[in-house]
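Enquirer: what's the 3D shape of this:
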Amino acid sequence: MNHVNAFLQEEEGVGVVEIILILVVLISLVLIFKEQLTNIVNTIFSKITSQSNSV
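Expert: Model prediction:
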């Protein structure tokens, strides 16, 4: 009976599964919105470059 209680209270495996699922969701979102993210980053860098030239 103690083995069953210890198994049910063990939560390390659940944490690993949750982290893997979160990473899968984040990677899939990046892949889906890759073009939009690239455009945003390019726009930000171009604004930084143009504004730093004026300083």
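Enquirer: make it CA atoms for all contacts and neighbour counts henceforth
Expert: Fine.
Enquirer: any idea of the pLDDT on residue 30?
Expert: Per-residue pLDDT puts residue 30 at 93.
Enquirer: Could I have the CA atoms of the helix or strand containing residue 48 written out in CSV?
Expert: Assigned by DSSP states H and E, residue 48 belongs to helix 34-54. The C-alpha coordinates for helix 34-54 follow below in CSV (Å, rounded to 0.1, in the frame of the first residue of the first chain):
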residue,chain,number,x,y,z
LYS,A,34,7.3,33.0,-38.4
GLU,A,35,6.7,35.5,-41.2
GLN,A,36,4.8,38.0,-38.9
LEU,A,37,7.5,37.7,-36.2
THR,A,38,10.2,38.3,-38.8
ASN,A,39,8.4,41.4,-40.1
ILE,A,40,8.0,42.8,-36.6
VAL,A,41,11.7,42.2,-35.7
ASN,A,42,12.8,43.8,-39.0
THR,A,43,10.6,46.8,-38.4
ILE,A,44,11.9,47.3,-34.8
PHE,A,45,15.6,47.0,-36.0
SER,A,46,15.0,49.5,-38.8
LYS,A,47,13.4,52.0,-36.4
ILE,A,48,16.4,51.5,-34.0
THR,A,49,18.9,52.1,-36.8
SER,A,50,17.1,55.2,-38.2
GLN,A,51,16.7,56.7,-34.7
SER,A,52,20.3,56.0,-33.7
ASN,A,53,21.6,57.8,-36.8
SER,A,54,19.7,60.9,-35.7
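Enquirer: Now do it: everything it contacts.
Expert: residue 30 (Cα atoms under 8 Å, 6 or more residues apart in numbering).
Enquirer: Then stretch 22-33?
Expert: Residues outside stretch 22-33 that contact it (Cα under 8 Å, 6+ apart) are residue 37.
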